[in-house]
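Participant: Output the structure for:
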Amino acid sequence: MENKIKIKKRSCPLCKETNYNNELYYNSKPWRLVQCECSFVYMPEVPIYERMRNEFSWERNFEEEEKISLRKKIRRKIKTLIKRDKLKYLLNNYCKQGDVLDIGCGSGAKFENISNNFTPFGIDISEESANKADLSFKKRGGRAICSPATKVLEEFGENKFSGAILRSYLEHEHEPFEVLKNLKFTLKNDACVIIKVPNYDSINRKIRKEKWCGFHFPDHVNQFTPKTLLKMVKDTNYEVLKFNFLDYLPTSDNMWMVVRPI
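Facilitator: From the prediction side, this is the model:
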């Protein structure tokens, strides 16, 4: 790996072991993907947060992909609309009205069709995205900040949020276990947490291999299966409210889950 690339090494985000079974061939040099003995798939070396903030921020990678294909742009737009409808449905059916924290909020576009019963607050590692979200959220009484989630969750105060959104976030987070654990401090007892991540167990991944849409090096640093996602939320003391077969179909590239703190 080139010396100029500032990285940090990490153990398995799920079980914290430093040993892993094997290195997988879904690699984009200098980034590696490995599978731990506990079966969790992750990148053992990741860019430092400062690089994620600018050089590897999600919207920059997204814009580069958008230049490649108009067909991909149309397909991405359709998928985005579907995901927003799914999020709206889950919020309305599982979350009580009030303040909602969106970790990995991006530009704040997720809230464009969300009821005003929910006041949006957000965290994002990208300055550009966090600034856009802050302008949008302030119009609804909320705000957004630019920071790694591990550093700022306590700033919102205890028992503040009636819900949290972790949509397309945990696959980016260097410390997903710690974020889930620390998030409970700022959640109300009956709060719901909506999670959406790529489904590493999908048939499409097995067929398309390194061309699978769930691979984004180096910003997708974790790859979840239904089994490892379920273990992580249970080990961080959440109760699963919704996670049935329809939420993680093997034909789907993504999976959804709704949990609440115990």
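Participant: Counting neighbours, what do you get for K29?
Facilitator: 8 (other CB atoms under 10 Å). Heads up, the C-betas are built off the backbone N, CA and C, glycines and all.
Participant: same thing with E158?
Facilitator: Neighbouring residues of E158 were enumerated by other CB under 10 Å; the total is 10.
Participant: please renumber so the chain begins at 493
Facilitator: Okay, residue one is now 493; in that scheme the one you just asked about reads as E650.
Participant: From S599, how far out is L627?
Facilitator: 9 Å (CB to CB, to the nearest Å).
Participant: more neighbours, these two?
Facilitator: Using other CB under 10 Å as the criterion, L627 and S599 rank with S599 on top: 21 against 13.
Participant: Double-check that E604 belongs to a helix.
Facilitator: Yes. Judged by DSSP: H, G, I helix; E, B strand; the rest coil, E604 forms part of a helix.
Participant: If you average pLDDT per helix and strand, which one of the protein comes out bottom?
Facilitator: helix 550-558 (a mean of 48; mean pLDDT, DSSP states H and E).
Participant: Isn't Y518 up against R700?
Facilitator: No. Shown here, Y518 and R700 do not form a contact pair, counting by CB atoms under 8 Å, at 10.3 Å.
Participant: Settle it for me: which of these two has more neighbours?
Facilitator: Ranked by neighbour count (other CB under 10 Å), Y518 and R700 place Y518 first, with 19 against 14.
Participant: List the residues that contact that one.
Facilitator: Y518 sits next to L525, K701, E702, W704, F707 when contact means CB atoms under 8 Å, 6 or more residues apart in numbering.
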